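# Fold the following for me, if possible:
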Amino acid sequence: MTFRARHFTFRFPRPALIMGIVNVTPDSFSDGGQFLAADKAVTHALELVGQGADLLDIGGESTRPGATPVSEAEELRRVLPVIEQLVGRVKVPLSIDTVKPAVARAALAAGASIVNDIAANREDETMWRVVAETGAGYVCMHMQGSPQTMQSEPSYRGLLREVEDFFRDRLKRLNDNGVLADQVVFDVGIGFGKTVEHNLELLASLGAFTGLGRPLLVGSSRKSFIGKLLGADVAERLPASLACACLAVAGGAQIIRAHDVAQTAQAVRMTEAIRARQTNDVA
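All right, here's what the predicted structure looks like:
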């Protein structure tokens, strides 16, 4: 299985990729405001690469539940200086975390290689044409509703089936718009239109999506379902985030999106080392 993002190519099986989070926002749920200034965001991004990040995900608009959308101009003002400064300083792919096609196009022109689209449930095809035209990688995330509505009583008749059907439908529509399968990564959308039980079911059942033939990205880092389940504040959610990351890798995920890169990388590498020994013992 291959994932291509412009001039970057990743072939699986291989060690799971760690995607470091760079929020250039004042209101993200976990680190809003810490890296709003471009120089601080760049410094943070370089630190994440030094800690073992294989990818950097740069976002200029919060997607937490109930977040207020920002204008295209403001989002560009936040992210473009960061991307432009990082392109010549890091060798890892840069991902633009956006729902706006114009922002995606500008970020790709500045040197990004991946579009992380939480609004892959869109009907408008403009974003997909941008991805096709540029050869960018595309993270196709499942979300019920929008950030403004997604946590208003999310419900499913059959969660796993509905998410799988969504991925199959999106892959066909992406293909119809010129996006090749090997440009696509699937993200089950932990916390996006999901209850605590939905999130746990998805994390426990990632194997249900491995037959789709595309890499799976899981982003559980510091999310609110951990707090709801365990009563932990955002700053106290690292141990649970690591548990989710390790179990996700054991369940078939190839990419882990994380705030705490060094700790996540160490935990994931240990998980992989143990699983390799299990496989060898069975053989």
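
# all helices of the stretch 51-200 of the chain, in order?
Along the stretch 51-200 of the chain, counting by DSSP state H, counting those that start in this stretch, helices occupy 72-87, 101-110, 126-134, 159-176, 196-204.

# Tabulate the ones you listed in JSON lines, adding columns for mean neighbour count and mean pLDDT.
All C-beta atoms are positioned from the backbone trio N, CA, C, and that covers glycine. Formatted as JSON lines, the helices of the stretch 51-200 of the chain follow (neighbours: other CB atoms under 10 Å; pLDDT from 0 to 100):
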{"stretch": "helix 72-87", "mean neighbour count": "19", "mean pLDDT": "95"}
{"stretch": "helix 101-110", "mean neighbour count": "21", "mean pLDDT": "98"}
{"stretch": "helix 126-134", "mean neighbour count": "20", "mean pLDDT": "98"}
{"stretch": "helix 159-176", "mean neighbour count": "16", "mean pLDDT": "97"}
{"stretch": "helix 196-204", "mean neighbour count": "18", "mean pLDDT": "96"}
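
# And those: which comes nearest Val234?
helix 196-204 (15.9 Å; CB to CB).

# Quick check: next helix or strand after the closest one?
Note on helix 196-204: by DSSP states H and E, the next helix or strand toward the C-terminus is strand 216-218.

# Now Thr134. Nearest residue, chain neighbours left out?
Leu108 (4.8 Å; CB to CB, 6 or more residues apart in numbering).

# Kindly confirm whether my reading is correct that that neighbour touches Ala136.
Yes. The pair Leu108 / Ala136 is scored as a contact, 5.6 Å apart, by CB atoms under 8 Å.

# which residues touch Ala38?
Val24, Arg78, Pro81, Val82, Gln85 (CB atoms under 8 Å, 6 or more residues apart in numbering).

# 10 Å instead?
Counting by CB atoms under 10 Å, 6 or more residues apart in numbering, Ala38 touches Val24, Arg77, Arg78, Val79, Leu80, Pro81, Val82, Ile83, Glu84, Gln85.

# Now do the strand ranked longest in the chain: which elements does it pack against?
Among the elements of the chain assigned as strand by DSSP state E, the one spanning the most residues is strand 17-23. For strand 17-23, the elements it packs on are helix 38-50, strand 55-59, helix 72-87, strand 94-97, strand 216-218, strand 255-258, helix 261-282, judged by 3 or more CB pairs under 10 Å, 6 or more residues apart in numbering; DSSP states H and E.

# comparing these, which gets the lowest mean pLDDT score?
Note on the helices and strands packed on strand 17-23: lowest mean pLDDT is at helix 261-282, with a mean of 89.

# Now do that one against strand 17-23, angle only.
160 degrees (axes from the mean of the first three to the mean of the last three CA atoms, to 10 degrees).

# In stretch 173-192, which residues are buried?
Residues of stretch 173-192 classed as buried: 173-174, 177, 179, 182-192 (neighbour count, 16 or more other CB atoms under 10 Å).

# Likewise for stretch 271-280?
Buried residues in stretch 271-280 (16+ other CB under 10 Å): Thr271, Glu272.

# quick one on the thing from earlier: now do the shared contacts for Leu108 and Ala136.
Arg6, Ile96, Ile114, Val115, Val130.

# Provide a list of residues in contact with the second one.
With contacts taken as CB under 10 Å, 6+ apart, Ile96 has the following neighbours: 56-60, 75, 79-80, 83, 103-108, 110-117, 136.
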